[in-house]
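Novice: compute the structure for the input listed below.
(chains A and B)
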There are 2 protein chains.
Amino acid sequence: MTHAPVVDVLAGKYAVGETVTVKGWVRTRRDSKAGLSFIALHDGSCFDPVQVIALNSLSNYEEVQRLTTGCSVSVEATVKESQGKGQALELEAESVEVLGWVENPDTYPMAAKRHSIEYLREYAHLRPRTNVIGAVTRVRNCLSQAIHRFFHEHGYFWISTPVITASDTEGAGEMFRVSTLDMMNLPRTDKGDIDYKEDFFGKETYLTVSGQLNVETYCTAMSKVYTFGPTFRAENSNTSRHLAEFWMIEPEVAFAELADVAQLSEDMLKYVCKAVLEERADDMAFFEQRINKDVVSRLEKLVSSDFVRMDYTDAIEILQQSGKSFEFPVEWGVDLSSEHERYLAEEHVGAPIIMQNYPKDIKAFYMRLNDDNKTVAAMDVLAPGIGEIIGGSQREERLDVFDARLEEMGLSKEDYAWYRDLRRYGTVPHAGFGLGFERLVAYVTGMQNVRDVIPFPRTPGSASF
Amino acid sequence: MTHAPVVDVLAGKYAVGETVTVKGWVRTRRDSKAGLSFIALHDGSCFDPVQVIALNSLSNYEEVQRLTTGCSVSVEATVKESQGKGQALELEAESVEVLGWVENPDTYPMAAKRHSIEYLREYAHLRPRTNVIGAVTRVRNCLSQAIHRFFHEHGYFWISTPVITASDTEGAGEMFRVSTLDMMNLPRTDKGDIDYKEDFFGKETYLTVSGQLNVETYCTAMSKVYTFGPTFRAENSNTSRHLAEFWMIEPEVAFAELADVAQLSEDMLKYVCKAVLEERADDMAFFEQRINKDVVSRLEKLVSSDFVRMDYTDAIEILQQSGKSFEFPVEWGVDLSSEHERYLAEEHVGAPIIMQNYPKDIKAFYMRLNDDNKTVAAMDVLAPGIGEIIGGSQREERLDVFDARLEEMGLSKEDYAWYRDLRRYGTVPHAGFGLGFERLVAYVTGMQNVRDVIPFPRTPGSASF
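Specialist: Below is the predicted model:
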């Protein structure tokens, strides 16, 4: 491949007067009465297409005049200074080769007009050709690369925790069953139950809801680790914030307390948002103009502001004294709802909040009990404009306290035998958090629905493509 | 966290005489008659532990003498030049705080002795504490970071293709069913079949066997893309090369022909192997010494040698004229088996081979038909010492040829409607390949079995942890 990416042409990597070959798809074509055509050519490498000027002296100018949105072309051209406003450089075609036509342009689903975001979802295989999904794709990639880079630079090891699991990690959430049993001919035990001994793994298996418990095993050997992989929830939630299949990032840090991972979450969010501002200014300008006018300024603010640490107990007091009437009543012991979180982050503080030390009864069994015996060392990061974006905790590393908590919650020691081993053999304080990747991409781009920031969304009733 | 990673201490980032805190686990403890103890302390940050000298003047020296393999400690110490051979630096403890004891050291599963690799598999939650699995973990991380970096630097976008799918990508391979139906109470249609309309996604769904068809949709919009995610095969294969759940890397390149992705595969393999040689010399020295004495030299050779391009048809001739007697007979049209591949790569050429243009009848339906009408533009990368490590092809982008091939293979156009759309609307030449990540890690480290290079292997009858 010796052709030039559009991003390189627009960045001036080729001198004026130089001949280059570009390959891509027609976004629009406009014919001038002066006997030439303007082709906006995109190849996905950056937000902007490059303008190609095709003169009627081209041997196949008749073909050029039939080009429509979505046609693929290979263009040999000379780099010129642009006469119009907008881009500094444009291309004057020496030849235009049509690689692929669009079958019946009138019915091409991605024809050059405004499509609703819901319409685009129906065409998940073609929507990356649009401005908006192209921009989402580049920002999503930028964020994922920045996340790996951040952890790598800070001495973390990426651990691939299993997708198929025989254990229900958090004791919470509905799970998808994974099986190869013949559904029309299920094997039965003597008692008439399904005989999962006959299944592929010899037992009942599910899709994981979190890699945390698994990654703790690597944390208590490698010290600093993280996961970045798909996780699953079989919840019948048809909201703009829920997917049945989504990607999660879960760092886990040995010899760390809650304050350490609170700082880690702040450092990581700032690092990845800074990367987007620096590397994807083109796409962010589009989101600012078309999707949400605050999307750049709130990122800049996040990067430059200090995240405020706040105790749950103090937050309850602030909410009670706010004079606001909330839909859900506020009292110590309740889980904060979205309206509470947004009031605190957007109105009361005006900056991201790291909320800490929640009542133990509303949090998971593995979180470390505080000395007050009422709260656990849990934290949530609440960002203005979206609410909770990260949830984490210090883990209970004391075997006796952990066992008491298991008993209190009616969970069996046997089911957590290997997790208990980490506390039996050289236990260490450790802590971590989980970040839902699609919620982060939605927050950064301003997209309203997580279904539009993952290539092929899986939701109740929908697993197309 | 203000403690110092062991890797930084050993690298001399702290001056002799400086006081540092290190935290980690005891690998071994040795007492000297001179009234002091030597503790080898590891924290996973590098292969070597750091040597800590604990004098009997420590207030809790009695505790120090009870330390066993696996105990966790926090040590405040002064950096010293080492008197012994081996490492240049060591630590002299000012204080040793025991964070976690090992319950009954005599039965600690990871006690300091040689364990068989099969034994370690039984303790997948504790085995990262061993030298060998620690080294595998760091090399695996190094490879994954290098893969993301390589593609990012070359203008590729990471695309997360779906794990849950309603289509059987390659029309090959047994798949895992994903379902939330109540197995004891399956809904039935009028005809008595399972009524998958009642299932979570409203239809039958499976775990993906490849992201290729999905990622082609992004390739034909963004030009250069790749996947890096888990894939699944429900095959009852109990071999050292098969996992039911494994990670795959699948780049897909628009405006590319077979020769382009052949070059890409060579460039990528060299890039990531070079990264391991440069960044993980410590772990590689261990693998060379303990696992496979050729492991470093073959990597060096791969990085410096030119991969040889060879046509399948020529390979058949070479094999026939080799004078070797193979277990599986050689004639044009057969799939090459491992013995053939290894003979060619190891004995005949002595370098990696990119084998190209296979008979169409032994390859998948989406591969591009060559002008001879007999072969397709497919390729495999065969490496000395392991055989096939990459498989790829140019994809059939001509709608009429593709449709004819579908019909020839008895596949329905309707099932591939969205895949055909990519050929109906602005089709472009494109090509890509797949790399099984665990096979790469096994090749690089010399580990014999892919079960030992993934944290929690999933194989027939086994989904523990």
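Novice: and the pLDDT at the closest residue to residue A:438 other than its chain neighbours?
Specialist: Sequence neighbours aside, residue A:450 is the residue nearest to residue A:438 in space, at 4.2 Å (criterion: CB to CB, 6 or more residues apart in numbering or on different chains). Yep, even glycine has a C-beta here, placed from its N, CA and C like the rest. Here the pLDDT value assigned to residue A:450 is 97.
Novice: give the buried residues for the longest strand seen in chain A.
Specialist: Taking DSSP state E as the criterion, chain A has its longest strand at strand A:19-32. Of the residues in strand A:19-32, A:20, A:21, A:22, A:23, A:24, A:25, A:26, A:27, A:29 count as buried by neighbour count, 16 or more other CB atoms under 10 Å in any protein chain shown.
Novice: between those residues, which is nearest residue A:349?
Specialist: Proximity of the buried residues of strand A:19-32 to residue A:349 was ranked by CB to CB; the top entry is residue A:27 with 42.8 Å.
Novice: distance to residue A:165 added to the buried residues of strand A:19-32, as TSV?
Specialist: Output for the buried residues of strand A:19-32, formatted as TSV (distance: CB to CB, whole Å):
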residue	distance to residue A:165
A:20	51
A:21	49
A:22	47
A:23	44
A:24	43
A:25	42
A:26	47
A:27	45
A:29	52
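Novice: of the residues you listed, closest to residue A:232?
Specialist: Of all those, residue A:232 sits closest to residue A:25, with 34.3 Å by CB to CB.
Novice: where are the low-confidence patches of the stretch 51-200 of chain A?
Specialist: Scanning the stretch 51-200 of chain A for pLDDT under 70 picks out A:168-173.
Novice: ranges for the helices of it?
Specialist: Taking DSSP state H, counting those that start in this stretch, the helices of the stretch 51-200 of chain A run over residues A:61-64, A:117-122, A:131-153.
Novice: looking at these, which is nearest to chain B?
Specialist: helix A:131-153 (4.1 Å; CB to the nearest CB).
Novice: what angle separates that closest one from strand A:19-32?
Specialist: 150 degrees (axes from the mean of the first three to the mean of the last three CA atoms, to 10 degrees).
Novice: CA atoms only for helix A:131-153, dumped as CSV, please.
Specialist: Extracted C-alpha coordinates of helix A:131-153, given in CSV (Å, rounded to 0.1, in the frame of the first residue of the first chain):
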residue,chain,number,x,y,z
ASN,A,131,-19.5,11.7,10.4
VAL,A,132,-20.9,11.0,13.9
ILE,A,133,-20.1,7.3,14.2
GLY,A,134,-16.7,7.8,12.5
ALA,A,135,-15.9,10.4,15.2
VAL,A,136,-17.1,8.1,18.0
THR,A,137,-14.9,5.3,16.6
ARG,A,138,-11.8,7.5,16.6
VAL,A,139,-12.5,8.9,20.1
ARG,A,140,-13.2,5.4,21.5
ASN,A,141,-10.0,4.1,20.0
CYS,A,142,-8.1,7.1,21.5
LEU,A,143,-9.5,6.4,24.9
SER,A,144,-8.7,2.7,24.8
GLN,A,145,-5.1,3.4,23.7
ALA,A,146,-4.7,6.0,26.4
ILE,A,147,-6.0,3.6,29.1
HIS,A,148,-3.5,0.9,28.1
ARG,A,149,-0.7,3.5,27.9
PHE,A,150,-1.6,5.0,31.3
PHE,A,151,-1.4,1.7,33.1
HIS,A,152,1.6,0.5,31.2
GLU,A,153,3.6,3.6,32.0
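Novice: rewinding a little: and of the buried residues of strand A:19-32, the nearest to residue A:407?
Specialist: residue A:25 (62.1 Å).
Novice: any idea how far residue B:220 is from that closest one?
Specialist: The gap separating residue A:25 from residue B:220 is 8 Å, by CB to CB, to the nearest Å.
Novice: which neighbours do those two share?
Specialist: Counting by CB atoms under 8 Å, 6 or more residues apart in numbering or on different chains, the contacts common to residue A:25 and residue B:220 are A:129, B:426.
Novice: which residues touch the residue lying closest to residue A:46 once chain neighbours are set aside?
Specialist: Excluding the flanking residues, the one nearest residue A:46 by CB to CB, 6+ apart is residue A:7, at 3.9 Å. Contacts for residue A:7 (CB under 8 Å, 6+ apart) come out as A:45, A:46, B:155.
Novice: one step back: didn't the residue nearest to residue A:438 look like it was pressed against residue A:240?
Specialist: Yes: the criterion here is CB atoms under 8 Å, and residue A:450 meets it with residue A:240 at 6.5 Å.
Novice: which of the two has more neighbours?
Specialist: residue A:450 (22 against 11; other CB atoms under 10 Å in any protein chain shown).
Novice: distance check, that one against residue A:116.
Specialist: For residue A:450 relative to residue A:116 (CB to CB), the value is 17 Å.
Novice: count of neighbours near residue A:235?
Specialist: When neighbours are counted by other CB under 10 Å, residue A:235 comes out with 17.
Novice: distance of it from residue A:460?
Specialist: Counting by CB to CB, the gap from residue A:235 to residue A:460 is 8 Å.
Novice: overlap of the contact sets of the two?
Specialist: residue A:244.
Novice: ok now do the residue of the stretch 101-250 of chain A found nearest chain B, which residues does it touch?
Specialist: The minimum distance from the stretch 101-250 of chain A to chain B, using CB to the nearest CB, falls at residue A:222 (3.3 Å). Contacts of residue A:222 were listed using CB under 8 Å, 6+ apart, and they are A:157, A:159, B:43, B:44, B:45, B:128, B:134, B:137, B:138.
Novice: now do residue A:376
Specialist: Residue A:376 touches A:357, A:358, A:359, A:360, A:363, A:367, A:368, A:369, A:370, A:393, counting by CB under 8 Å, 6+ apart.
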